[in-house]
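**Student:** Got a sequence here, can you build the structure:
(4 chains)
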2 protein chains.
Amino acid sequence: MMNFNDKQLQIIETAEKLFASKGFDGTSVRDIADAAAINVAMISYYFGSKEKLMEAIFEVKIGKVQMRVEELLKDNSMTPIEKVNILVDEHIERVMKSQQFYRIMICEQASNKSAAIMGKVKMLKIKNAELIAELIKEGQKKGDFKKKVDVVLMLNTMVGTVWQTIITKDHYQEFTNNQSLSEEEYEKLLKKKLMIHIKALFKTILTNDE
Amino acid sequence: MMNFNDKQLQIIETAEKLFASKGFDGTSVRDIADAAAINVAMISYYFGSKEKLMEAIFEVKIGKVQMRVEELLKDNSMTPIEKVNILVDEHIERVMKSQQFYRIMICEQASNKSAAIMGKVKMLKIKNAELIAELIKEGQKKGDFKKKVDVVLMLNTMVGTVWQTIITKDHYQEFTNNQSLSEEEYEKLLKKKLMIHIKALFKTILTNDE
DNA sequence: AATAAAGTTAAACAAGTGTTTGATTGGTAT
DNA sequence: ATACCAATCAAACACTTGTTTAACTTTATT
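**Tutor:** Residues are numbered from 1 along each chain as shown, chains lettered A, B, ... in the order given. The predicted structure is shown next:
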């Protein structure tokens, strides 16, 4: 894991926003340099290349998520059920807060150009799936969860639903008669709805035996 | 709705594949021309620009989906429950079959650069949501479905789960101990799992009253 | 067969790309 | 003060981008 200095972090932050709104290819190194008020050469100087800058962005973001999830699952003052619920809430909170970044991530995953980035994402996903699978097992032993649970499909439903809701939020604001709300209020409402919706789905997935 | 001749359709088909695997910005008009064995100028000649070519791709694909959904929902030899199940199955079948195209669509949506394309996608989504909302109402009248159903969230769960499963299918093949399967077999298995999973979720969303 | 239109081409175009260079600055340690 | 090294800069580099041009072949119409 690399350590970045202030200047690098400033560039990373600026680039993250630009990549998110205009895409990786759609953003030139000069755009980044202008927005960050630095010279173009500094990007190559600090990161080696535009591609490596992107990797640095992912490294920072993914590292944070990884740490938080591990911390939560280690905590043994909570039951598996509680942990799953918090996992859902925090995932939604996180994605809603850094929508920009997740837009890049989606694009990168969808077009899987950079092997380095895909590798990082894959590692994160696998690691998380393993941790959560263990959590589920714990809950099964306690008798809280049913015996057969497909962890991957469950996580895909969470991640997928949240993503799809964010991506299409503008489409449906009209449809669901929420035009009167400010963007902030509407996002708050969406967040709340999502949390209830996904936790309800998880309850079915985890407990409804038949 | 435009009508395209054979040459145009050939270019559309080639471009679709390239855009899907390398992204819109990642694919040059020369790449397309080479792959389609035509001269670069033909793209401008037939479509006006690279951007308009992309729009043409979306027009063709979206038109097909729109028609099929409308046809299915009009059919009155089936109950609402049956229609919902078919809707799920056909969605999964469709996305699995044209994974390439859906990768572009996801990227386009995530980075919303082209207003023209976003407009087309939005129209499709709204139209479909309206049609399915009507279908749900029908089911509610018959007493098959519960009273409060959030159609948008329900659709987001379907679309999102399928998408996420496809995007990350490589990550998890190892994790779920399916390395021995060929890619074709693994996709078949995924498709089957997805259909069961989502229909189960829909059953909860549509009927589980509490 | 003559004329017009459509299709196709290689080459040129202007603009933008990521990266490197080599000079210059500013601060730190000798 | 000197030497040193990292930071910063404008400029240049080599290359790719999407699009247009103008010449040509092919096809269809009269």
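**Student:** so residue A:105 is in which element?
**Tutor:** Following DSSP states H and E, one finds residue A:105 within helix A:99-111.
**Student:** Which strands or helices does the helix or strand following that helix pack on?
**Tutor:** Next helix or strand after helix A:99-111 toward the C-terminus (DSSP H and E): helix A:115-142. With contacts taken as 3 or more CB pairs under 8 Å, 6 or more residues apart in numbering or on different chains; DSSP states H and E, helix A:115-142 sits against helix A:50-74, helix A:80-97, helix A:99-111, helix A:151-167, helix B:169-175. Backbone N, C-alpha and C define where each C-beta goes, glycine included.
**Student:** do that again at 6 Å, thanks
**Tutor:** helix A:50-74, helix A:80-97, helix A:151-167, helix B:169-175 (3 or more CB pairs under 6 Å, 6 or more residues apart in numbering or on different chains; DSSP states H and E).
**Student:** Which strands or helices does the shortest one pack on?
**Tutor:** With contacts defined as 3+ CB pairs under 6 Å, 6+ apart, helix B:169-175 has these neighbours: helix A:115-142.
**Student:** how about the residues of chain A near DNA strand D?
**Tutor:** Residues of chain A lying close to DNA strand D by CB under 7 Å from any atom of the strand are A:5, A:7, A:38, A:39, A:40, A:41, A:42, A:45.
**Student:** which residues of chain A score low on pLDDT?
**Tutor:** Residue ranges of chain A with pLDDT under 70: A:1-2, A:209-210.
**Student:** and it, which of its residues are near DNA strand C?
**Tutor:** A:27-31, A:40-41, A:43-45, A:48-51.
**Student:** roughly how far apart are the closest residue to residue A:96 other than its chain neighbours and residue B:140?
**Tutor:** In space, and not counting its chain neighbours, residue A:96 is closest to residue A:191: 5.4 Å by CB to CB, 6 or more residues apart in numbering or on different chains. Applying CB to CB, to the nearest Å, the value for residue A:191 to residue B:140 is 27 Å.
**Student:** Have a look at these two and say which one is more surrounded.
**Tutor:** Taking other CB atoms under 10 Å in any protein chain shown, residue A:191 and residue B:140 do not tie; residue A:191 has more neighbours (19 against 16).
**Student:** coming back round to it: filter the residues of chain A next to DNA strand C down to the buried ones.
**Tutor:** Neighbour-count burial (16 or more other CB atoms under 10 Å in any protein chain shown) applied to the residues of chain A next to DNA strand C gives A:27, A:29, A:31, A:43, A:50.
**Student:** I figured the fourth one hits residue A:29, correct?
**Tutor:** The reference is to residue A:43. Yes: between residue A:43 and residue A:29 there is a contact under CB atoms under 6 Å: 5.1 Å.
**Student:** hmm, back to that, with distance to residue A:147 added, can I get the buried ones among the residues of chain A next to DNA strand C in a markdown table?
**Tutor:** Formatted as a markdown table, these follow (distance: CB to CB, whole Å):
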| residue | distance to residue A:147 |
| --- | --- |
| A:27 | 48 |
| A:29 | 53 |
| A:31 | 53 |
| A:43 | 53 |
| A:50 | 49 |
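**Student:** out of these, which one sits closest to chain B?
**Tutor:** residue A:27 (9.7 Å; CB to the nearest CB).
**Student:** For the closest one, list the residues it contacts.
**Tutor:** A:18, A:19 (CB atoms under 6 Å, 6 or more residues apart in numbering or on different chains).
**Student:** Sticking with it, tell me its helix or strand.
**Tutor:** Counting by DSSP H and E, residue A:27 is part of no helix or strand.
**Student:** Can you tell me how far the residue nearest to residue A:106 when sequence neighbours are not counted is from residue B:48?
**Tutor:** Using CB to CB, 6+ apart and skipping residues adjacent in sequence, the residue nearest residue A:106 is residue B:110, 4.4 Å away. In this view, residue B:110 and residue B:48 are 25 Å apart by CB to CB.
**Student:** just to revisit the earlier point, quick one: which of the residues of chain A next to DNA strand D sit in helices?
**Tutor:** A:7, A:41, A:42, A:45 (DSSP state H).
**Student:** Thank you, goodbye.
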